[in-house]
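S.K.: Make a model of this:
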Amino acid sequence: MSELGTVSGLASTEVGLQIKDYAMIGYFVAYLFYAVHAFFVRKEWMGRLAVITLGLGWVLHTLFLVSRGLFYYHQHKGFLLPATNMYEATSYFAWLVTLLYFILEIKLFKTRLYGVFALIVPLAALGFAAKSMGPDPRELMPSLKSYWLVFHITAMFISYSAFALAAVFGLLYLVRVKGWMPIKTFGDKLSLRSLDELSNRIILVGVPVITLGIALGAFWADAAWGRYWGWDPKETWALGTWFVYIIYLHLRHRPGWLGYRSAVLSCLGFTVVLITFQGVNMLDNVFSLNSIHAYTMGAANVQKDIIGLSIMAMPMLFFLVMLFLPVPKGDLSEGQAADAEEVLGTPVRDALKGAAGKMNVPSPPAHKADEPQDMDAR
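M.R.: Presented below is the predicted three-dimensional model:
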């Protein structure tokens, strides 16, 4: 590479990092606007201001990713996804979380009140990257110079983004069911039923995408190393993540698993995601695992990696213990059978009716068409 090309490349990365700093400022200001809208000024103009500011921050973030992509294009004479080291990967994850939040706010949430909680995820990711990781581009392994990188990494990070947002609503559910958060501020937007349904529906988006991502990774591994699966630490933890959410889907509609335990499992699943995404690199540094999937994070610091792994392990153990604790009073699972028609659907209701008939227990009378139902009783 010529000296002029090197200087030009360094200049482009410096400009990109300045754009990234402005994007972080935009995200932070947008978060403040969302907080003001949620807690103090519940006006349409304040909500619009929060959305516009977040959109500007996201556009600036996009420009940073584009600048990195152009840098790699000139360096390697081809397009590469700007997610080739941990700093870029974390940035790309935060970008996808914000994009997914935008889509969900329009299509699913139908409110801007959730932004004050959901936007903690990209802000925390960007702050962690800025504090702990080297931003400089790294020389790429030959296996990373592949079009498979775009499809595999994007699919995995979309699923991680979905699981992160689902964990936010799962955590809100746990806070609410414990009675630590009043509902007057948000009305029915933070009701147990709303939080449970939102977390579940977002997980239903993430599970097929992570399945696709793992499959694409297997094809990439075959193209790069001549085998579909090698039980590399990253591969093993990714498979473990997939199993956690498959178990979630399997158990959700079983008696006692609606609501509290589903929320705990959602939060537990995201702690596994964090270890798959970030922790494997720390494990690789501490135990010299020689993982072919380990991202570069800058200079290795074993002591800091041990602290990071300990911090990740604590919430995992916390939610694992919570999974086996008694269900709090007022949880949705308490009325799971009685509310089968509304929560679990017609097939379960019919099954309950059939069981009642076999035991010669009369089914409750149906409401007449013109008879108002007592909503409070439900």
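S.K.: where does the chain dip in pLDDT?
M.R.: For the chain, residues meeting the criterion pLDDT under 70 lie at 1-12, 139, 143, 182-185, 293-300, 336-378.
S.K.: Could you rerun that using 80?
M.R.: Low-confidence segments of the chain, defined by pLDDT under 80: 1-13, 75-79, 138-146, 180-188, 287-301, 335-378.
S.K.: which residue ranges form the helices in it?
M.R.: For the chain, the helices defined by DSSP state H occupy 3-39, 44-76, 86-104, 115-118, 120-132, 148-177, 192-225, 233-251, 260-274, 280-287, 302-322, 340-343, 346-358.
S.K.: Switch these over to JSON lines; also include mean neighbour count.
M.R.: In short, each C-beta sits where N, CA and C put it, glycine included. Converted to JSON lines, the helices of the chain look like this (neighbours: other CB atoms under 10 Å):
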{"stretch": "helix 3-39", "mean neighbour count": "17"}
{"stretch": "helix 44-76", "mean neighbour count": "18"}
{"stretch": "helix 86-104", "mean neighbour count": "23"}
{"stretch": "helix 115-118", "mean neighbour count": "20"}
{"stretch": "helix 120-132", "mean neighbour count": "18"}
{"stretch": "helix 148-177", "mean neighbour count": "23"}
{"stretch": "helix 192-225", "mean neighbour count": "19"}
{"stretch": "helix 233-251", "mean neighbour count": "18"}
{"stretch": "helix 260-274", "mean neighbour count": "25"}
{"stretch": "helix 280-287", "mean neighbour count": "20"}
{"stretch": "helix 302-322", "mean neighbour count": "14"}
{"stretch": "helix 340-343", "mean neighbour count": "16"}
{"stretch": "helix 346-358", "mean neighbour count": "12"}
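S.K.: of all these, which lies closest to residue 329?
M.R.: helix 148-177 (8.7 Å; CB to CB).
S.K.: how much does the closest one deviate in direction from helix 233-251?
M.R.: In terms of direction (axes from the mean of the first three to the mean of the last three CA atoms, to 10 degrees), helix 148-177 departs from helix 233-251 by 50 degrees.
S.K.: Just name whatever secondary elements helix 148-177 is in contact with.
M.R.: Judged by 3 or more CB pairs under 8 Å, 6 or more residues apart in numbering; DSSP states H and E, the packing partners of helix 148-177 are helix 86-104, helix 115-118, helix 120-132, helix 192-225, helix 233-251, helix 260-274.
S.K.: Tell me the spacing between residue 171 and residue 317.
M.R.: Using CB to CB, to the nearest Å, one gets 16 Å for the distance from residue 171 to residue 317.
S.K.: would you list the helices and strands packed on helix 148-177 in JSON lines and tack on distance to residue 21?
M.R.: Shown next, in JSON lines, are those (distance: least, CB to CB, whole Å):
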{"stretch": "helix 86-104", "distance to residue 21": "12"}
{"stretch": "helix 115-118", "distance to residue 21": "22"}
{"stretch": "helix 120-132", "distance to residue 21": "8"}
{"stretch": "helix 192-225", "distance to residue 21": "30"}
{"stretch": "helix 233-251", "distance to residue 21": "30"}
{"stretch": "helix 260-274", "distance to residue 21": "25"}
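S.K.: and residue 39, which of the ones you listed is closest to it?
M.R.: helix 115-118 (7.5 Å).
S.K.: So what touches that closest one?
M.R.: 30-31, 34-35, 37-39, 50, 54, 97, 101, 105, 165, 168-169, 172 (CB atoms under 8 Å, 6 or more residues apart in numbering).
S.K.: Which two of the residues you listed have the greatest separation?
M.R.: 39 and 97 (22.2 Å).
S.K.: isn't residue 23 right next to residue 60, touching?
M.R.: Yes. Using CB atoms under 8 Å, residue 23 is in contact with residue 60, at 3.8 Å.
S.K.: re the thing from before, of the contacts of helix 115-118, closest to residue 119?
M.R.: The closest of these to residue 119 turns out to be residue 31 (CB to CB; 4.9 Å).
S.K.: There's contact between that closest one and residue 122 in this structure, I believe.
M.R.: No. Between residue 31 and residue 122 there is no contact under CB under 8 Å: 9.1 Å.
S.K.: Centroid-nearest residue for this structure?
M.R.: residue 164 (2.0 Å; CA atoms, centre = their mean).
S.K.: That one: what's it in contact with?
M.R.: Contacts of residue 164 (CB under 8 Å, 6+ apart): 97, 121, 270, 273.
S.K.: give me that answer again for 10 Å
M.R.: Listed by CB atoms under 10 Å, 6 or more residues apart in numbering, the contact partners of residue 164 are 93-94, 96-97, 100-101, 118, 120-122, 124-125, 202, 206, 270, 273-274, 277.
S.K.: again with residue 291
M.R.: 232-237, 280-281, 283-285.
S.K.: Then residue 241?
M.R.: 156, 159-160, 163, 206, 210, 214, 269-277.
S.K.: overlap in contacts of residue 31 and residue 122?
M.R.: By CB under 10 Å, 6+ apart, the residues touching both residue 31 and residue 122 are 54, 57.
S.K.: Please state the offset of stretch 280-289 from the chain centre?
M.R.: Distance, stretch centre to chain centre, for stretch 280-289: 23 Å (CA atoms, centre = their mean, to the nearest Å).
S.K.: returning to that earlier point: how near is the residue nearest to the centre of the chain to residue 281?
M.R.: Residue 164 is 18 Å from residue 281, by CB to CB.
S.K.: same question, residue 103
M.R.: In this view, residue 103 and residue 281 are 29 Å apart by CB to CB.
S.K.: next one: residue 311
M.R.: Distance from residue 311 to residue 281, by CB to CB: 14 Å.
S.K.: Likewise for residue 215?
M.R.: 23 Å.
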